[in-house]
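Engineer: need a structure here:
(2 chains)
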Amino acid sequence: MHSLLPTLRSALAASLLALAPLPAAAQGVAPVVVEQGRVTPLSRAGALRTIAVDERLQRDAGLRLRDTVVLAATSAAERRAAPEDTVVVGAFVRRGADPAEIARGEYRVRLHLDQLQRLAGYDNRVDRFAVATRGDDATARALTAVNDAAFGFRAYRSTDVAVKTSRTFQVVRRFHRAIGVITVVASAAFLLCILLLKIDERRRDVAALRLMGISRRTVVSALVLEASMVALLGSAMGLGIGWAASRVVNAYYQGVYRTPLLFALVTPEVATFAVGLSLVLGVLAGLAAAVRLARTAPLELFGR
Amino acid sequence: MRLTLAAAALVRHRTRTLLAILGVAVSAALLLDMVMLAGGMRESFGDLLMVRGYQLRLAPKGTLPFDSEATIAGAAELVAALRARPDIAAVSPVLGGQLHVLAAGAGDAAGTAPPRAVTFALGIEPAVQGDYERTGGADVARADQVVANDAFLRAARAQVGDTIDVAAGFDPQLRAYAARRRVAIVGTARFFYMPAGQAAVALPLATLQGLRGPEGHDRVSLLMARVRDGADVEAVRAAIERTQPRVSAISTATALAQVEQRLSYFRQLAFVLGAISLVIGFLLVTTLVTVSVNERVGEIAVLRAIGVSRLHVVQQIVIEGAALSLTGAALGLALGLVTARYLNAILADFPGLPAAFEFFVFQPAAAWRALGLLVLSGIAAGVYPSWRAASLPIAGTLREEAVG
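Structural biologist: Next comes the predicted model:
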């Protein structure tokens, strides 16, 4: 069943894609051409069938509801022998946020199955069937029954198909995660360094406090608290910057790929991880530097 | 003297220096990786396309090579027409398709046993093929010979010298293989454009056309053309598209542009992360040097008071920044190469990507430029604080430091 998909594609001879500037895929399957720019508006005396057009095509071709367009599935050179279909734009369709389609620039139109079969010269054939079952047990039984009964056909669970088609994005996700680890290490080194310096700057204050009789414990606690506050404030600002950056990233890539998909998302888990990591690093760096300062003789801290 | 003083200043705060070097090293590694990523895809894909010197690919009109199962009819006439052109040096026709691999004569006379393996097959003309390089055995010389890759040999549990039966299709209604032919595996090959783990064989074009029956008769999936030296590739491409309306001609430059467009996300990511790493490296060194200078204003004032020149002081502090950046960059170079291999291994899992395609390619000139930029930024980071420190009034600073 799966192998029929490319057959239909080839039947539609994507040579049409170069014929007109508006290549499209019908019902997610076959590339056809919507020659809106060439069509003289027709009278609607006959009962023309309707199609649904995706928003990209609507915008790029300047289509409006009830526009009349011609669908054709072959190149101009082969046009004589090929059928055409004059249809009315009956609806516009918004694409779902499907990662598997992100890099595909083609347009989409939805039309009735028999229309596409006729255009593609594909007789009474389909690429695949979607079957709704009643529960998991029924799915398993239907899967086994189809696969046992029909050699040459294959049934898949929708979830398995989804996993297969989203493999690209699993790879991208792993790549992002790896890049994330590298940036976290770089940021951690940066943060530790800054906090060490920050505490180190307080040498004279610590010396003064110790000479006044403030206990080491109090001094260390105060410095650790200070480092934690710096880390917390820094991570709060970082979250703000990250949120703003994610908005920019989403706006940019949603425009580039023309999809409602979200590319960057500051989730509660991400925020908790970022704040938690900064806090832990802040406390550790503050503690290490504060203990060292508190153990040093006050006069030495003064440079005497 | 300057080097000694700079080294002493860095050693005085070991933890801080080590952390700064680590931070710069990770930033440098990320910068290097991003530079490798930004240029690597283009470089790698360009090399892949030009591996046999074919600058043009001709696919069925409106498609990309092997993007669909569409084929070009009347292939012989088209090949002859192309070969007759004075600006074309060689034309390589290719037909692609699936083959079922059956056990040779293994007692399934009815031909209904499940295949031993399913493989991608390329029908080629051996003398001009541009899809594989032979790694062992002999090349295809006769109609009943094939060369196969290692993935195929593993999947079909076969070896060079074996004879196997192959079929181009299975009719589910008749429950029989549509065409069947016995072939001998005569050699092994590495296929340039196959994904890792994809079983593949190459056999004579006419054999595969025959196996595919009417569907394959005089058809090809793709034609590759090598343009003669001195001829303008783009002009030849345009001329072919004009004279052959059934095909789309794609030059290497166009294909590269298309791939760049599809993978623009990675290039942009590389640019953004590369810039961030550079800024982080710069900020880290700047902060460290600034704090270090602020801590040592008294010491600097003493140096100035005993006659050490302002330039000398500036040089000493700049050397500190440069040392941090250089050490970090050197470590980052090693770290970057290791992480690039790891990241490349992750991205190599992209479905359908040729195994030979690399995302991260080390290009020495670009790498040195990037790391040089990082070191320069580290040097620049020390200039301002050092100049400011060296310009402080000596007496005032000494008094302030002494009195506290």
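Engineer: so where's chain B uncertain?
Structural biologist: In the predicted model, chain B carries pLDDT under 70 at residues B:1-2, B:6, B:103-114, B:171-175, B:401-404.
Engineer: for it, longest strand please?
Structural biologist: Assignment by DSSP state E gives strand B:88-102 as the longest strand of chain B.
Engineer: If you count neighbours, what's buried in whichever helix or strand comes after that strand?
Structural biologist: Following strand B:88-102 in sequence order, the next helix or strand is strand B:117-124 (DSSP states H and E). Residues of strand B:117-124 classed as buried: B:Ala117, B:Thr119, B:Phe120, B:Ala121, B:Leu122, B:Gly123, B:Ile124 (neighbour count, 16 or more other CB atoms under 10 Å in any protein chain shown). C-betas here are computed from N, CA, C, even on glycine.
Engineer: Residues in contact with strand B:117-124: which ones?
Structural biologist: For strand B:117-124, the surrounding residues in contact (CB atoms under 8 Å, 6 or more residues apart in numbering or on different chains) are B:92-101, B:131-132, B:140, B:146, B:148, B:152, B:155-156, B:166, B:191, B:194, B:198-209, B:216, B:220.
Engineer: which of these count as buried?
Structural biologist: Among those, those classed as buried by 16+ other CB under 10 Å are B:92-101, B:131-132, B:140, B:146, B:148, B:152, B:155-156, B:166, B:191, B:194, B:198-205, B:207-209, B:216, B:220.
Engineer: report the longest helix in chain B, please.
Structural biologist: For chain B, the longest helix by residue count, based on DSSP state H, is helix B:310-347.
Engineer: helices and strands around the next helix or strand after that one, which ones?
Structural biologist: Going down the chain from helix B:310-347, the next helix or strand is helix B:364-390, by DSSP H and E. Applying 3 or more CB pairs under 8 Å, 6 or more residues apart in numbering or on different chains; DSSP states H and E, one finds that helix B:364-390 contacts helix B:14-49, helix B:264-295, helix B:297-305, helix B:310-347.
Engineer: most packed of those helices?
Structural biologist: A comparison of the helices and strands packed on helix B:364-390 by mean neighbour count, using mean count of other CB atoms under 10 Å in any protein chain shown, puts helix B:14-49 on top with a mean of 23.
Engineer: my guess is B:Leu31 contacts B:Ile280, does it?
Structural biologist: No. Applying CB atoms under 8 Å as the test, B:Leu31 and B:Ile280 come out as separate, 9.2 Å apart.
Engineer: how close does the residue nearest to B:Ala25 when sequence neighbours are not counted sit to chain A?
Structural biologist: Using CB to CB, 6 or more residues apart in numbering or on different chains and skipping the chain neighbours, the partner closest in space to B:Ala25 is B:Leu331 (3.8 Å). To chain A, B:Leu331 is 12 Å away according to CB to the nearest CB, to the nearest Å.
Engineer: Spit out the contact partners of B:Leu331.
Structural biologist: By CB under 8 Å, 6+ apart, the neighbours of B:Leu331 are B:Ile21, B:Leu22, B:Val24, B:Ala25, B:Ala28, B:Ala29.
Engineer: B:Gly161 contacts B:Leu153, correct?
Structural biologist: No. Using CB under 8 Å, B:Gly161 is not in contact with B:Leu153, being 11.1 Å away.
Engineer: picking that back up, report the distance from the longest strand of chain B to the chain centre.
Structural biologist: Distance, stretch centre to chain centre, for strand B:88-102: 25 Å (CA atoms, centre = their mean, to the nearest Å).
Engineer: how many neighbours does B:Leu3 have?
Structural biologist: The local packing of B:Leu3 (other CB atoms under 10 Å in any protein chain shown) involves 11 other residues.
Engineer: Just say helix, strand or coil for it.
Structural biologist: The local conformation at B:Leu3, judged by DSSP: H, G, I helix; E, B strand; the rest coil, is helix.
Engineer: quick one: contacts for it?
Structural biologist: B:Leu3 touches B:Ile319, counting by CB under 8 Å, 6+ apart.
Engineer: From B:Arg116, how far off is B:Phe170?
Structural biologist: Distance of B:Phe170 to B:Arg116, computed by CB to CB, to the nearest Å: 13 Å.
Engineer: what about the strands in the stretch 51-200 of chain B?
Structural biologist: For the stretch 51-200 of chain B, the strands defined by DSSP state E, counting those that start in this stretch occupy B:56-60, B:88-102, B:117-124, B:132-137, B:145-148, B:163-167, B:170-171, B:176-177, B:181-191, B:200-204.
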